[in-house]
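**Student:** when you get a sec, could you give me coordinates for this:
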Amino acid sequence: MIANATNGIRFLINEISIHWALEGCHSVVKLFQIFEDKDCVFLVLEYSANGSLMDAFEKDAKFTEADIRVIMEQLLLVLDFFQKRKIVHRDIIRNGKRERKRKS
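**Tutor:** Next comes the predicted model:
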């Protein structure tokens, strides 16, 4: 349970703070509201009908050159947005490391 772990609470607070800091970034799922009861914390996030980009990669989706151009433009805009706010997204780092390990 997260309430029993000091690191878990810090992690949750950090995640929420980062989501609020990303307000205005159109390519990031938005955090609308937070609810909690005595056992759980609930984050109300924007619905993403198509899932994440990682979901598409894991399903071996086929992308056209035009698709990749749009995806890369959005990724670069998001990374620029993050950099200006001094945010490092752990999923970008983790997925990059995972890809490098697979190739070796």
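**Student:** where do the strands sit along this structure?
**Tutor:** 31-36, 41-45 (DSSP state E).
**Student:** using a markdown table, lay out those together with mean neighbour count, distance to D67 and mean pLDDT.
**Tutor:** Backbone N, C-alpha and C define where each C-beta goes, glycine included. Listed next are the strands of the chain as a markdown table, based on neighbours: other Cβ atoms under 10 Å; distance: least, Cβ to Cβ, whole Å; pLDDT from 0 to 100:
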| stretch | mean neighbour count | distance to D67 | mean pLDDT |
| --- | --- | --- | --- |
| strand 31-36 | 11 | 27 | 91 |
| strand 41-45 | 12 | 24 | 90 |
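**Student:** nearest to R85, of the ones you listed?
**Tutor:** Among the strands of the chain, strand 31-36 comes nearest to R85, with 15.0 Å by Cβ to Cβ.
**Student:** what's that closest one packed up against?
**Tutor:** helix 6-21, strand 41-45 (3 or more Cβ pairs under 8 Å, 6 or more residues apart in numbering; DSSP states H and E).
**Student:** low pLDDT regions in the protein?
**Tutor:** 1-6, 89-104 (pLDDT under 70).
**Student:** quick one, longest helix in the protein?
**Tutor:** When the chain is parsed with DSSP state H, its longest helix is helix 65-84.
**Student:** now it, how far from the chain's geometric center?
**Tutor:** 14 Å (Cα atoms, centre = their mean, to the nearest Å).
**Student:** thinking again about what came up before, just put the strands of the chain in a markdown table and tack on distance to F57.
**Tutor:** Listed next are the strands of the chain as a markdown table, based on distance: least, Cβ to Cβ, whole Å:
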| stretch | distance to F57 |
| --- | --- |
| strand 31-36 | 24 |
| strand 41-45 | 20 |
